[in-house]
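Trainee: here is a sequence together with a model predicted from it:
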Amino acid sequence: MNEEIRYKILKILEQNSDISQRELSKQLGISLGKVNYCLRALKEKGLVKARNFKNSDNKKGYLYVLTPKGVDDRARTATRFLKQKISEYQQLEQEIEHLRAEIKK
């Protein structure tokens, strides 16, 4: 699981712990199988707990709760993700400047 997916899953779960895997899949733009794999990995690392609950349709569902370790990890992951995006942004700015210089020639 890459940093971006990890960060986004932890962020979404922190905001909406009763989200379904299917809805999480739609929001992230990844397959349901990958969501399931990622949630299992996060549970194994002790970052997320899954608890059964019954929703209004009387179907089994899960409540995904970030553990204290998960909340800390989300903050650290956000910091790493931000640094990565800033670096990508700076590289893109440089590329744009080079292209503008080429066009002016």
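Mentor: Yep, it's here.
Trainee: show me the strands in the chain, by range?
Mentor: Taking DSSP state E as the test, the strands found in the chain are 48-54, 60-66.
Trainee: please identify the most buried of those strands.
Mentor: strand 60-66 (a mean of 17; mean count of other Cβ atoms under 10 Å). (Glycine included, C-beta is placed from N, CA and C.)
Trainee: note down every partner strand of that strand and its orientation.
Mentor: strand 48-54 (antiparallel) (DSSP bridges).
Trainee: what's in contact with the partner strand?
Mentor: Strand 48-54 has contacts (Cβ atoms under 8 Å, 6 or more residues apart in numbering) with 10, 13, 18, 39, 42-43, 60-67, 70.
Trainee: between these, which sits nearest Y89?
Mentor: Proximity of the contacts of strand 48-54 to Y89 (Cβ to Cβ) peaks at L10, which lies at 22.2 Å.
Trainee: state the pLDDT value of the closest one.
Mentor: pLDDT for L10: 95.
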